[in-house]
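Participant: below: sequence and its predicted model.
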There are 2 protein chains.
Amino acid sequence: MTADTAPRGLVLVVEDEPTIADLVRLYLAWDGFGVHLERDGTAGLAAARRLRPVACVLDIALPGLAGTEICRRLREAGDWTPVIFLTARDDEVDRIVGLELGADDYVTKPFSPRELVARVRAVLRRAAGAAAGAEQPRVVGAVTLDPARRTVTAAGAPVQLTSTEFDLLAHLMARPGRVFTREELLAGVWGYAAHAGTRTVDVHVAQVRAKLGPASVIRTHRGVGYAADA
Amino acid sequence: MTADTAPRGLVLVVEDEPTIADLVRLYLAWDGFGVHLERDGTAGLAAARRLRPVACVLDIALPGLAGTEICRRLREAGDWTPVIFLTARDDEVDRIVGLELGADDYVTKPFSPRELVARVRAVLRRAAGAAAGAEQPRVVGAVTLDPARRTVTAAGAPVQLTSTEFDLLAHLMARPGRVFTREELLAGVWGYAAHAGTRTVDVHVAQVRAKLGPASVIRTHRGVGYAADA
DNA sequence: CCGGCTCCTTACCGAACCCGAACAGTCCCT
DNA sequence: AGGGACTGTTCGGGTTCGGTAAGGAGCCGG
């Protein structure tokens, strides 16, 4: 598929159950993340401090040191690295969210690995947005796209895109001219690790084109995929 | 066609059908990989453990031990070497990507050898996290070809090629001076299962030449095949 | 519980493209 | 110089591919 996978950074996973740990690692790696794995809480906290990951995925029930405790200590030390919890029971959720814990998101077991990956991405997107415009607005032709504000204008006029539509356009405009296959787009925007077989991408492209109007910036490469104009 | 220069590492291929196996080996070797070939599942598993390849390409239907079983046993032993499956039927896919199998990617037969190579590269890139751009634009004479953008210019002017035409030219320009027979081009560009006759190659070469104009870079080697100028 | 929005799928249609046959031109060997 | 083999070129039929519209599932707010 030739994903051009600019490295997305290192994710720390702390999980004692090998099956789940490996699964999580597999899917995160699939999505282009570097993954560091720890099996107990104490080592997890040390790794978080040492490796400075871009995000942490923490099981709550851990030998040595609970995931919640890891998170609390990081926050105490002024480390606001995004944290996503893995939790077995729904009733643990209340303790996590809306608390001083400073969790960014959580996933209850059993979970879909795909969903976890999507949440990691979402959390990072939010963090990037908060990090004072690490993302510059992009201009291609008459279309401008602001990743931080998640706004798009075509020929000066604001365009209202849905979340998926925006992500799709942003992905294409991130590398103008670069041709992305449908699979690459499915993997990059939707988080699917699947081959083609659906027309989902086409439909959304059509939708974006319709909203952009005549300024449309998306070019079809027959038999291959789509690209934004260079 | 032999592998040149820096070896990219060893890839284990387990495939019982000699035709496919040789083709896969040829193309991987071509791309700079060392290749070790096994013909049945049991030997494949042993080889994987003994040789520690950087990636495995496994047929699913194998004598002795199914490819899925090889993968499962490797994973059980904590071996997370990237695995790419070759599968004949689409409906096998769910079992693979689904979960615990831990496959990194798969390719359905009939596949293009170039696609397989691209996937091996992609998987390794993801595993390494590093971005190694083998997708640099190439220049031969007055013709430039950009694999990522899938664009071609001749004497400075952009040239619009169809998907097949582009792949054909890219294949030739990947190794300037190297003469490819029509069979090689059919296998490499169209895929090993191509049902097209060899004259089809001629037609497409003619088309590419026409579009490139006087800058044409494709040379005929009478009785043999075609090559791009060195 | 309902209505609206978004997303995904499916089906259909028009267009682009590929293939192969046929014929013309070129090269090579004798 | 001539014949044969190989290659260049043209062109229409059949197929594949992408655009588009319509419908149903899930989600959220009311």
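Facilitator: Okay, I see it.

Participant: and the residue of chain A found nearest DNA strand D, how many residues sit next to it?
Facilitator: Per CB to the nearest atom of the strand, residue A:220 is where chain A lies closest to DNA strand D, at 3.8 Å. Where you see a C-beta, it was placed from the backbone N, CA and C, and this is true even at glycine. By other CB atoms under 10 Å in any protein chain shown, 13 other residues sit near residue A:220.

Participant: excluding sequence neighbours, find me the nearest residue to it.
Facilitator: residue A:226 (6.0 Å; CB to CB, 6 or more residues apart in numbering or on different chains).

Participant: partner strands of the helix or strand that neighbour falls within and their direction?
Facilitator: Element membership of residue A:226, judged by DSSP states H and E, is strand A:225-228. If you go by DSSP bridges, strand A:225-228 pairs up with strand A:180-181 (antiparallel), strand A:218-221 (antiparallel).

Participant: so how far is residue B:59 from the residue of chain A closest to DNA strand D?
Facilitator: 34 Å (CB to CB, to the nearest Å).

Participant: follow-up on the earlier one: shouldn't the residue nearest to residue A:220 be in contact with residue A:183?
Facilitator: No. At 11.8 Å, residue A:226 does not count as touching residue A:183 under the criterion of CB atoms under 8 Å.

Participant: which residues do those two both contact?
Facilitator: Residues touching both residue A:226 and residue A:183 (CB atoms under 8 Å, 6 or more residues apart in numbering or on different chains): none.

Participant: for residue A:219, which non-adjacent residue is spatially closest?
Facilitator: In space, residue A:219 is closest to residue A:227, 5.3 Å off (CB to CB, 6+ apart).

Participant: show me the contacts for the one you found.
Facilitator: A:172, A:176, A:177, A:178, A:179, A:180, A:218, A:219, A:221, B:149, B:150.

Participant: before we move on, the earlier item: beta partners for the residue nearest to residue A:220?
Facilitator: residue A:180, residue A:220.

Participant: how many neighbours does it have?
Facilitator: 22.

Participant: equivalent analysis for residue A:66, please.
Facilitator: 15.

Participant: my read: it touches residue A:45, true?
Facilitator: No. Contact criterion CB under 8 Å: residue A:66 and residue A:45 do not qualify, at 10.5 Å.

Participant: ok now the strand holding residue A:226, how far from the chain's centre?
Facilitator: 21 Å (CA atoms, centre = their mean, to the nearest Å).

Participant: model confidence for residue A:162, exactly?
Facilitator: pLDDT for residue A:162: 92.

Participant: which bits of chain A sit near DNA strand D?
Facilitator: Residues of chain A lying close to DNA strand D by CB under 7 Å from any atom of the strand are A:199, A:202, A:203, A:205, A:206, A:209, A:210, A:220, A:222, A:223, A:224, A:225.

Participant: what bridges to residue A:153?
Facilitator: In beta-bridge terms (that is, DSSP bridges), residue A:153 pairs with residue A:144, residue A:158.

Participant: isn't it up against residue A:143?
Facilitator: Yes. Contact status for residue A:153 versus residue A:143: in contact at 7.1 Å, counting by CB under 8 Å.

Participant: okay, now the unreliable bits of chain A?
Facilitator: Along chain A, segments meeting pLDDT under 70 span A:1-8, A:19, A:30-32, A:88-103, A:107-115, A:125-135, A:191-196.

Participant: residue farthest from the centroid of it?
Facilitator: Distance to the chain centre peaks in chain A at residue A:214, reaching 30.7 Å (criterion: CA atoms, centre = their mean).

Participant: confirm that one sits in a helix?
Facilitator: Yes. Counting by DSSP: H, G, I helix; E, B strand; the rest coil, residue A:214 is found in a helix.

Participant: grab the nearest non-local neighbour of it.
Facilitator: In space, residue A:214 is closest to residue A:155, 7.8 Å off (CB to CB, 6+ apart).

Participant: thought the one you found was touching residue A:215?
Facilitator: Yes. Applying CB under 8 Å, one finds residue A:155 in contact with residue A:215, separated by 4.8 Å.

Participant: pick out whichever of those two has more residues nearby.
Facilitator: residue A:215 (16 against 13).

Participant: quick one: the residue positioned nearest the centre of chain A from chain B, how far?
Facilitator: Against the mean C-alpha coordinate of chain A, by CA atoms, centre = their mean, the closest residue is residue A:121 at 1.2 Å. Between residue A:121 and chain B the distance is 15 Å, computed by CB to the nearest CB, to the nearest Å.

Participant: now that residue: which helix or strand?
Facilitator: helix A:113-130.

Participant: what lines up beside the next helix or strand after that helix in the sheet?
Facilitator: For helix A:113-130, the following helix or strand on the C-terminal side (DSSP H and E) is strand A:138-140. Taking DSSP bridges as the criterion, strand A:138-140 sits next to strand A:143-146 (antiparallel) in its sheet.

Participant: tell me the contacts of residue A:185?
Facilitator: Each residue near residue A:185 by CB under 8 Å, 6+ apart is listed here: A:168, A:171, A:172, A:201, A:225, A:226.

Participant: try it again at 6 Å.
Facilitator: Counting by CB atoms under 6 Å, 6 or more residues apart in numbering or on different chains, residue A:185 touches residue A:201.

Participant: and residue A:173, by the same measure?
Facilitator: Residue A:173 touches A:138, A:140, A:145, A:228, counting by CB under 6 Å, 6+ apart.

Participant: no further questions, thank you.
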